[in-house]
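Participant: predicted model follows, preceded by the sequence.
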Amino acid sequence: MQRIYLDYAATTPLDPEVFEAMKPYFNEKFGNASSIHSFGQEVKSALEESRTIIASSLSAIPSEIIFTSSGTEANNIALKGFAQHLRKQGKQHIIASPTEHHAVLNSCEYIKNTGIIVSYCSVNAFGEISFEEIQKLCTKQTGLIAIMHANNETGTIHSIEKIGAFAKQNGILFHTDAVQSFGKIPIDVSRMNIDTLAISAHKIYGPKGIGALYIRRGIEIEPLFHGGGQERGKRAGTEAVPLVIGFGKATMLMNQHREEEFLRMKLLKSLLKEKLVKEISPLFGNNILLFNGNDETSLSNILSISIDCSQISIDGEMLLLNMDMNGVAVSSGSACTSGSIEPSHVLLAMKRDIATTKATLRFSFGRWTSEQEILSAVAILKRSLVNLIHKKSTK
């Protein structure tokens, strides 16, 4: 049976070139980057080269990049570190969106327990944030705005440059989770007035277990970990050098291929949407497929669809399992909550009903996705829907 991987938004396969770049740092070049002898300094040099590559891709300077274990940790350091610092300044209010990744949402809930007020702005039917509402929510007590660059479930891209400019004008710190957008669309932290930003390697064909946090020079954040002076005192602990090297190599390759990959992903997304409408809609009704997000303002490698359960009843979990049993790997939303029976908080915020929210598939593709795989996935989805509806009608 052919196996088709269409869940690149959850994680990407490790690029062979990245693997080759990492290998020497597991055995031959094993020194501790904090050691002053030649073994350590050789490794330190390679680590700083990766830092420079990643900084350059964000239009940042190397000293503004802090390595972490993941995008989740980067978000936690930024939000919780900011919260402690803001309290010292007497500010007690944070603004976020209800469609953030749980790394941000759960950090905000933790912060609420410390006495800081968290306000959530609403989103429209496309999952887009209202800039006007953010303005209205701001008070003299507002110290931080946290809005993701692109949503991990729908691909919706937010106007963070506009939000960043507003935050700067009003003396408010601005954090963005760019884990899903990094490598897909350009990011310039200076032009976008971003104070902190989270990214991760495994979304760009790098290794799992390594992320990074950009912290604008001059910004004060209380560290979560205390120990040695690694990462300029912002994140104690011996650096995972092989993973850092992999992150740097993956970023370098991403920079080389981003434009061509963007165009290819755009064509694949267009093909997928066209075939879904042509093959699925005539069977069950022209409006049976609901596309989550706005084509004009979403990532080119993510297409989220829901089956309108007001027209036909579909068990979303069975649909997902059916696709998998037939060789197609897709998800219902964020990989971090795929084991949960709860419907997507992102789609609920977009006013989808619970049944329709559960009957959702997120297709995401990448460097090794072919047109034939897209066509095969549509055919398998069509067959799966027919089978599930037939089984239900014969019960």
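Facilitator: On my side now, so go ahead. Every value quoted in this text rests on a predicted model; they were computed, and no experiment measured them.
Participant: residue ranges with poor pLDDT in the stretch 151-300 of the chain?
Facilitator: Residue ranges of the stretch 151-300 of the chain with pLDDT under 70: 285-286.
Participant: can you give me the helices for it?
Facilitator: Assignment of helices within the stretch 151-300 of the chain using DSSP state H, counting those that start in this stretch yields the ranges 160-169, 241-279, 281-284.
Participant: can you lay out those as a markdown table showing distance to residue 35 and mean neighbour count?
Facilitator: Backbone N, C-alpha and C define where each C-beta goes, glycine included. Formatted as a markdown table, those follow (distance: least, Cβ to Cβ, whole Å; neighbours: other Cβ atoms under 10 Å):
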| stretch | distance to residue 35 | mean neighbour count |
| --- | --- | --- |
| helix 160-169 | 39 | 18 |
| helix 241-279 | 11 | 19 |
| helix 281-284 | 63 | 13 |
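Participant: closest to residue 48 out of those helices?
Facilitator: helix 241-279 (9.5 Å; Cβ to Cβ).
Participant: quick one: list the elements packing against that closest one.
Facilitator: helix 16-22, helix 38-57, strand 289-292, strand 302-307, helix 371-393 (3 or more Cβ pairs under 8 Å, 6 or more residues apart in numbering; DSSP states H and E).
Participant: ranking the ones you listed by burial, who's on top?
Facilitator: Across those, averaging neighbours per residue (mean count of other Cβ atoms under 10 Å) puts strand 302-307 on top, at a mean of 25.
Participant: mind listing what's buried in the next helix or strand after it?
Facilitator: Where DSSP states H and E defines the elements, the next helix or strand beyond strand 302-307 is helix 316-325. Across helix 316-325, burial judged by 16 or more other Cβ atoms under 10 Å covers 316, 319-320, 322-323.
Participant: if we can go back for a sec, format the helices of the stretch 151-300 of the chain as JSON lines; extra columns: distance to residue 348.
Facilitator: Listed next are the helices of the stretch 151-300 of the chain as JSON lines, based on distance: least, Cβ to Cβ, whole Å:
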{"stretch": "helix 160-169", "distance to residue 348": "23"}
{"stretch": "helix 241-279", "distance to residue 348": "23"}
{"stretch": "helix 281-284", "distance to residue 348": "23"}
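Participant: ok, residue 254 touching residue 57?
Facilitator: Yes: between residue 254 and residue 57 there is a contact under Cβ atoms under 8 Å: 7.3 Å.
Participant: would you convert the buried residues of helix 316-325 into TSV that also reports distance to residue 378 and pLDDT?
Facilitator: Shown next, in TSV, are the buried residues of helix 316-325 (distance: Cβ to Cβ, whole Å; pLDDT from 0 to 100):
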residue	distance to residue 378	pLDDT
316	18	87
319	14	93
320	16	92
322	14	93
323	11	95
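Participant: which residues does the residue positioned nearest the centre of the chain contact?
Facilitator: Closest to where the C-alpha atoms of the chain average out (Cα atoms, centre = their mean) is residue 180, at 2.9 Å. By Cβ atoms under 8 Å, 6 or more residues apart in numbering, the contact list for residue 180 reads 9, 148-152, 155, 203, 299, 302.
Participant: most surrounded residue in these?
Facilitator: Greatest neighbour count in the contacts of residue 180, by other Cβ atoms under 10 Å, goes to residue 151: 31 neighbours.
Participant: what about the closest residue to residue 43 other than its chain neighbours, how many residues nearby?
Facilitator: Spatial nearest neighbour of residue 43, excluding adjacent residues (Cβ to Cβ, 6 or more residues apart in numbering): residue 31 at 4.4 Å. Residue 31 has 17 neighbouring residues, counting by other Cβ under 10 Å.
Participant: correct me if wrong: residue 31 contacts residue 39.
Facilitator: Yes: assessed by Cβ under 8 Å, residue 31 is found in contact with residue 39 at 3.3 Å.
Participant: show me where the stretch 101-250 of the chain has strands.
Facilitator: 117-120, 142-146, 173-177, 196-200, 211-215 (DSSP state E, counting those that start in this stretch).
Participant: redo the ones you listed as a markdown table? Include mean neighbour count and distance to residue 376.
Facilitator: Formatted as a markdown table, the strands of the stretch 101-250 of the chain follow (neighbours: other Cβ atoms under 10 Å; distance: least, Cβ to Cβ, whole Å):
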| stretch | mean neighbour count | distance to residue 376 |
| --- | --- | --- |
| strand 117-120 | 16 | 40 |
| strand 142-146 | 24 | 39 |
| strand 173-177 | 27 | 33 |
| strand 196-200 | 29 | 29 |
| strand 211-215 | 26 | 33 |
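Participant: which one of the ones you listed lies closest to residue 277?
Facilitator: Nearest of the strands of the stretch 101-250 of the chain (Cβ to Cβ): strand 173-177, 31.4 Å.
Participant: how far off centre is that closest one?
Facilitator: Between the centre of strand 173-177 and the centre of its chain there are 14 Å (Cα atoms, centre = their mean, to the nearest Å).
Participant: and what of stretch 289-307?
Facilitator: Taking Cα atoms, centre = their mean, one finds the center of stretch 289-307 at 15 Å from the center of the full chain.
Participant: domain parsing for this protein?
Facilitator: Domain segmentation of the chain under automatic domain parsing yields 4-10+258-393, 16-253.
Participant: just to revisit the earlier point, may I have the phi/psi pair for the residue nearest to the centre of the chain?
Facilitator: phi -80, psi -30 (degrees, to the nearest 10).
Participant: OK, contacts around residue 300?
Facilitator: Counting by Cβ under 8 Å, 6+ apart, residue 300 makes contact with 155, 184, 262, 265-266, 269.
Participant: re earlier: and of the contacts of residue 180, the nearest to residue 35?
Facilitator: Nearest to residue 35 among those is residue 203, at 31.4 Å by Cβ to Cβ.
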